[in-house]
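**Student:** Sharing a model prediction with you, sequence too.
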Amino acid sequence: MIASREQLEKTALHYGMLPFFANRIAGFSVEEMAAPGMLFGEERDDYGCWDWKGPVIREMNLAYGKFFRRKAGFVSLDLLPDFLNYRRAAYPVEPDSPEALILDTILRHEALTSTELKRIIFGSPSRKRRVGELVDTLDAVKPKRHSLEGPLQRLQMGGYVVIADFEYKYTAAGERYGFGVALYTTPEALYGKSIASTDRSPSQSLACLIRKLSEKLPQASTGLLDQLLK
C-alpha cells in the first residue's frame, strides 16, 4: 500500500495511468491504494498522498490533472502522447468559447494559478473601462467568476492543460497552511513541444491506451477501461 511519496510515484508509473479517487474499476485509485491514514496524511507529520502530488509532478515523470471523468489522476509521460492525441480529438476547443479564452490566457503567460487567471480574465471595473470594446467582445464568452472550474476541467479532460505544481501560503514563521493552489500550464510548455506527437490516429491511440491498461488490470473489462478513458 502507498505510504510514501516514492511509493506513490512508483505505483502511478507501474500502471501508466492512475486515478486519484475511486472509480468503477474497484481498487484502481490512489484513494484505495493508500495505507490507512495516508491519503490526507492523518497519521504522519509529513503529510500524505494529497500533499505528495506536487513533489511527484516535479519529478517530471508523470502528468497530473483532472483527466478521469473530471477527477484528478496521473498519466505517465510515455503514455501522454497517445493520451493527448485521443483526448484533444474527443474534446475540441470551440472558437469564442470560455475554454478558448482561458487556454489563450494560459498560453500567453505559460503558467497561471486559478487566482491569477481570475484576475487577468475578470480584472477590475477600472480595467474593464480601459480595455473597452475588447472586454465587450469577451463578455459574450467569458465564464462566470464562480464557474471558472468547469471550463478548466474540460481543458484538462481534453489534454490542453495540466497542473505543473501547487502553490501554498506560509506563516511568518515559515509554516505552511491551507490547501495548495494549482498552477496551470500546457503539456507543451511543461514537457516540450513534441509531447503530443504521435503517428497514430486518435482511435488508434485510444486502443493503445486500453491495451496498456489491460496488461496491468486484467480484471477490468474493456468496457470499463473505455469508460474511464472517455
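**Tutor:** That came through fine.
**Student:** Low-confidence ranges, the protein, go.
**Tutor:** 42-46, 124-146 (pLDDT under 70).
**Student:** Can you show me the strands along it?
**Tutor:** 17-19, 62-68, 71-76, 111-113, 162-170, 176-185 (DSSP state E).
**Student:** List the neighbours of the longest helix seen in the chain that are in contact with it.
**Tutor:** Using DSSP state H to define each element, the chain has its longest helix at helix 202-216. In this structure, residues lying in contact with helix 202-216 by C-beta atoms under 8 Å, 6 or more residues apart in numbering are 14-17, 79, 81-83, 85-86, 88-90, 198, 200, 220, 222, 225-226, 228-229. (Glycine included, C-beta is placed from N, CA and C.)
**Student:** For PyMOL, what selects the buried ones among the residues you listed?
**Tutor:** To isolate the buried ones among the contacts of helix 202-216 in PyMOL, judged by 16 or more other C-beta atoms under 10 Å, type:
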select buried, resi 15+16+17+79+81+82+83+85+86+88+198+220+225+228+229
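**Student:** Select from the contacts of helix 202-216 every entry located in helices.
**Tutor:** Using DSSP H, the contacts of helix 202-216 in helices are 14-15, 81-83, 85-86, 88-90, 222, 225-226, 228-229.
**Student:** what sits opposite the residue most central in space within the chain in the beta ladder?
**Tutor:** Residue closest to the mean C-alpha point of the chain, counted by C-alpha atoms, centre = their mean, is Gly65 at 1.2 Å. Beta bridges link Gly65 to Gly73, judged by DSSP bridges.
**Student:** That one reaches Ile163, doesn't it?
**Tutor:** Yes. Using C-beta atoms under 8 Å, Gly65 is in contact with Ile163, at 5.1 Å.
**Student:** which parts of the longest helix of the chain are buried?
**Tutor:** Going by 16+ other C-beta under 10 Å, helix 202-216 has these buried residues: 202, 205-210, 212-213.
**Student:** Please dump these into TSV; it should also carry distance to Leu8 for every row.
**Tutor:** Written out in TSV, the entries for the buried residues of helix 202-216 read as follows (distance: C-beta to C-beta, whole Å):
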residue	distance to Leu8
Pro202	30
Ser205	26
Leu206	26
Ala207	28
Cys208	25
Leu209	21
Ile210	24
Lys212	20
Leu213	18
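**Student:** Can you tell me which of those is nearest Ile120?
**Tutor:** Nearest to Ile120 among those, counting by C-beta to C-beta, is Pro202 at 31.6 Å.
**Student:** Apart from its neighbours in sequence, what residue is nearest Ser197?
**Tutor:** For Ser197, ignoring the flanking residues on the chain, the nearest one in space by C-beta to C-beta, 6 or more residues apart in numbering is Pro81 at 6.1 Å.
**Student:** my guess is the one you found contacts Ile195, does it?
**Tutor:** Yes. Between Pro81 and Ile195 there is a contact under C-beta under 8 Å: 6.3 Å.
**Student:** returning to what we had before: check the gap between the residue nearest to the centre of the chain and Pro19 for me.
**Tutor:** Distance, Gly65 to Pro19, using C-beta to C-beta, to the nearest Å: 11 Å.
**Student:** Tell me the residues that contact both of the two, please.
**Tutor:** Jointly contacting Gly65 and Pro19 under the rule C-beta under 8 Å, 6+ apart are 72-73.
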